[in-house]
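[1] sequence? don't have it. structure:
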């Protein structure tokens, strides 16, 4: 079945559930700028954390750019649902973006198995972190104030830290063994 005219094609719903790993790009309508502030970044982090806990997700990297947002989500439980998390994130941030709005649909790329090896995955995350450098906004990715990660329980962890990957994989493997962020399926609220 083809998507409605003007919409990006999507994979089946199962591609965004469970242990899926997806690279998301959320663009502002008309490539609007002027919304990226320290205040927005704080609200974004809080909202991303809520989305991660609601849907049992890790966000090992995100970068906010002047007209779009890149992030990767990794499901850590059978009931993880990135499409619900995306809907929640965009809905909750709409009022903070006002008068700007999101483009009608985010772009996504579901990572294949070969893109999920530790080395390949780290390269994809580095690509996201380097976006402000490629755009000429800064000299080094660590200088960009609008990048980070959301791993529930680890608020100071940052993907530019030298020991990030060692810690990240330890936390990820532990969460995968538990299969949840500490809540049961029946605790999951409706969107």
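    All right, it came through fine. None of the values given here were measured: they were computed from a predicted structure.
[2] hey, what's the residue nearest the centre of the chain bridged with?
    Geometric centre of the chain, nearest residue: residue 71, 3.3 Å, by CA atoms, centre = their mean. On the basis of DSSP bridges, residue 71 is bridged to residue 24, residue 62.
[3] list the contacts for it?
    Going by CB atoms under 8 Å, 6 or more residues apart in numbering, residue 71 touches 23, 24, 26, 48, 59, 61, 62, 63, 128. Backbone N, C-alpha and C define where each C-beta goes, glycine included.
[4] How many residues are close by residue 99?
    Residues near residue 99, counting by other CB atoms under 10 Å, number 7.
[5] For it, what are phi and psi?
    For residue 99, the backbone dihedrals (degrees, to the nearest 10) come out as phi -90, psi 0.
[6] residues of stretch 85-92 that come out buried?
    Going by neighbour count (16 or more other CB atoms under 10 Å), the buried part of stretch 85-92 is 85, 86, 88, 89, 90, 92.
[7] All the strands of this structure, residue numbers only.
    In the chain, the strands defined using DSSP state E lie at 21-27, 57-64, 68-75, 107-110, 147-150.
[8] want to try CSV for the ones you listed, with distance to residue 42 as columns?
    As requested, the strands of the chain are exported to CSV (distance: least, CB to CB, whole Å):
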stretch, distance to residue 42
strand 21-27, 17
strand 57-64, 11
strand 68-75, 14
strand 107-110, 25
strand 147-150, 11
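[9] could those strands be laid out in a markdown table, adding mean pLDDT?
    Formatted as a markdown table, the strands of the chain follow (pLDDT from 0 to 100):
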| stretch | mean pLDDT |
| --- | --- |
| strand 21-27 | 97 |
| strand 57-64 | 98 |
| strand 68-75 | 98 |
| strand 107-110 | 95 |
| strand 147-150 | 98 |
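[10] And the residue nearest to residue 125 when sequence neighbours are not counted, how far from residue 18?
    Spatial nearest neighbour of residue 125, chain neighbours left out: residue 61 (4.2 Å); criterion: CB to CB, 6 or more residues apart in numbering. Counting by CB to CB, to the nearest Å, the gap from residue 61 to residue 18 is 20 Å.
[11] out of the strands of the chain, which comes closest to residue 41?
    Checking the strands of the chain against residue 41 by CB to CB gives strand 57-64 as the closest, at 6.2 Å.
[12] Quick one: residues in contact with that closest one.
    Contacts to strand 57-64, defined as CB under 8 Å, 6+ apart, come from residues 36, 40-41, 44, 48, 51-52, 69-76, 80, 82, 85, 121, 125, 128-129, 131-132, 144, 146-152, 159, 168, 171-172, 175.
[13] rerun that using 7 Å as the cut-off
    Identification of contacts with strand 57-64 by CB atoms under 7 Å, 6 or more residues apart in numbering yields 36, 41, 44, 48, 51-52, 69-76, 80, 82, 85, 125, 128-129, 131-132, 144, 146-151, 159, 168, 172, 175.
[14] What of stretch 32-47?
    28, 64, 66-67, 89, 92-93, 96-97, 100, 146, 148, 150.
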